[in-house]
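S.K.: sequence and computational prediction follow.
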Amino acid sequence: MNTQDQMTIREMCEAFQVTARTLRFYEAKELLFPIRIGQKRLFTRRDRARLKLILRGKRFGFSLEEIRQLLDLYDMGDQQHTQLIQTYEVAEQRLADMEKQRDDLNAAIAELKEQMDWGAKMIASLKQDKKAAE
């Protein structure tokens, strides 16, 4: 393998804006498999591709276990057919969950605004009553 295809932990941290601790954590969770030479870790193109997918999956709210299972499907030898189908299905469910969270949040925001409008009217009314009493 060409050493230009490998990155040190520092280079990975800079390239992906993650900490060394994060990379070691993903390695411990068997999501990344850097080449180990003594204490030194060298990350391959495959590791970089996996890290990009891990970070994207985390951003979308996938669990690390879901991400690990999807990444493991890459090696099935079916030109990633199974991996793509499974990823799509997980993504569909995650999208449905996110849309429900958004809808719940929009409903809560609307209700809070109504309560705040009511509160503002009550405050204004109390101020008027106080002025009238003076």
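M.R.: Received, thanks.
S.K.: lowest-confidence helix or strand of this structure?
M.R.: Comparing every helix and strand of the chain by mean pLDDT, DSSP states H and E singles out helix 64-72 as the least confident one, with a mean of 90.
S.K.: tell me which other helices or strands that one touches.
M.R.: When contacts are defined as 3 or more C-beta pairs under 8 Å, 6 or more residues apart in numbering; DSSP states H and E, helix 64-72 packs onto helix 45-59, helix 81-133. All C-beta spots, glycine's among them, are computed from the backbone N, C-alpha and C.
S.K.: can you tell me which of these is nearest to R21?
M.R.: Between R21 and those, the tightest spacing by C-beta to C-beta is seen for helix 45-59, at 13.9 Å.
S.K.: dump that closest one to PDB, restricted to CA.
M.R.: The C-alpha atoms that make up helix 45-59 are tabulated as PDB, following Å, rounded to 0.1, in the frame of the first residue of the first chain:
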ATOM      1  CA  ARG A  45      -8.700   5.100   2.400                       C
ATOM      2  CA  ARG A  46     -11.200   2.500   3.600                       C
ATOM      3  CA  ASP A  47     -11.000   3.900   7.100                       C
ATOM      4  CA  ARG A  48     -11.600   7.400   5.800                       C
ATOM      5  CA  ALA A  49     -14.600   6.300   3.800                       C
ATOM      6  CA  ARG A  50     -16.000   4.500   6.900                       C
ATOM      7  CA  LEU A  51     -15.400   7.600   9.100                       C
ATOM      8  CA  LYS A  52     -17.200   9.800   6.600                       C
ATOM      9  CA  LEU A  53     -20.200   7.400   6.700                       C
ATOM     10  CA  ILE A  54     -20.000   7.100  10.500                       C
ATOM     11  CA  LEU A  55     -20.100  10.900  10.900                       C
ATOM     12  CA  ARG A  56     -22.900  11.300   8.400                       C
ATOM     13  CA  GLY A  57     -24.900   8.500  10.200                       C
ATOM     14  CA  LYS A  58     -24.400  10.200  13.600                       C
ATOM     15  CA  ARG A  59     -25.600  13.500  12.200                       C
END
